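1. Build me a model from this:
(one chain, ligands or ions: 1)
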Amino acid sequence: MMSSLPRGKAEVPKNLSILNIGGHPKDCVLYAGGTIAKHVHRGDRVTMLTPYTGLSHHLTAINEYRDSSKMPDMEALVEERKKELENASAVLGVKDVRFLGHDDSITTITPEIVSDIADVIGDVTPDIIITHWPDDTVPAHGLSTKMLLLAIDAAAGIRPGKPYRPFGGDTGGAASQIFYHDQRGRTNILESLNPRMPNVIIDITDVVVQKAEAMNCFTSQNYGERSNLQRKLGEVLDGGLAGLHTRVPYAEAFLSHNPELYEYLPLSDYRIKRSNEASTEHISQMLL
Ligand SMILES: [Zn+2]
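-> Below you'll find the model as predicted:
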């Protein structure tokens, strides 16, 4: 008599470990801060990781140097960018921030950064990784994802003293997924050569104010309570088409790296619930 293979019951871990990567410090929040806030509220464990100092984009320091010609204290500027990410992460409820401190004027893959990212993967053993699209034409974005993909192979599930647990459905390993940001780092033809259609949309409407407060920690990038920047970007990015077409006011959109595995064709309960709700002033305007 044939016995069926044990399939297990709920295999998804109760509390997920999520590694959220931003090429520049603020990218951790700008592109996924709402999603992170929701997972923290649910009890998941989140680590923020940025490989670079973000110093080439310290906009207020660059302006100051242009106007005064006085060389700034570079170490203090790096510390300031680190602190901004820590403060913004704290607003979202995240304490684990890995600021690797590499120069972000990067032109190529470097083994040292790959190794540093692999160490973090080994340490936090993520179920989910969030990061930039691999061909994002901002070098610090695309390259950090390319180095991440190498780091995943380098980490290869080997953790001293812990059970073997390879990351990546690519290689038939444990359940795991990478979600790439749908947002473009730049607006140019190269960004459009590969079709980028989000296949996962997270409704962040209930945490959008919390995300705005986190973004306002990045004062070196001209964000802040008195600045209109967050309001503008919040509407352009989170209030964009992906949200509008799914009938939610604010959303973050992603593309999954691996095809997801189901027993049957999926239709999400949340989508059905939202579709059955009456139109509101926020979501009644379709573009058809
Ligand atoms: Zn960036």
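2. switch to C-alpha atoms for all contacts and neighbour counts from now on
-> OK.
3. next helix or strand past the worst-scoring helix or strand of the chain on mean pLDDT?
-> Across the helices and strands of the chain, mean pLDDT, DSSP states H and E gives its lowest value to helix 59-68, namely a mean of 72. As assigned by DSSP states H and E, the chain's next helix or strand after helix 59-68 is helix 74-91.
4. Show me what that following helix is packed against.
-> For helix 74-91, the elements it packs on are strand 96-102, helix 208-215, judged by 3 or more C-alpha pairs under 8 Å, 6 or more residues apart in numbering; DSSP states H and E.
5. what does the least confident helix or strand of the chain contact?
-> For helix 59-68, the surrounding residues in contact (C-alpha atoms under 8 Å, 6 or more residues apart in numbering) are Met71, Pro72, Leu77, Ser220, Gln221, Asn222.
6. is it true that the last one touches Met215?
-> No: under the criterion of C-alpha atoms under 8 Å, Asn222 makes no contact with Met215, lying 10.1 Å away.
7. neighbour-wise, which of the two wins?
-> Met215 (30 against 17; other C-alpha atoms under 10 Å).
8. measure His102 to Lys232 for me?
-> Separation of His102 from Lys232 (C-alpha to C-alpha, to the nearest Å): 30 Å.
9. The two: which has the busier surroundings?
-> His102 (15 against 12).
10. contacting residues for that one?
-> By C-alpha under 8 Å, 6+ apart, the neighbours of His102 are Pro51, Tyr52, Thr53, Ile113.
11. Skip the chain neighbours and tell me the closest residue to Asp196.
-> That one is not Asp; residue 196 is Arg. Asp182 (6.8 Å; C-alpha to C-alpha, 6 or more residues apart in numbering).
12. List the residues that contact that neighbour.
-> Taking C-alpha under 8 Å, 6+ apart, one finds His132, Trp133, Arg196, Met197, Pro198, Ala253, Phe254, Leu255 in contact with Asp182.
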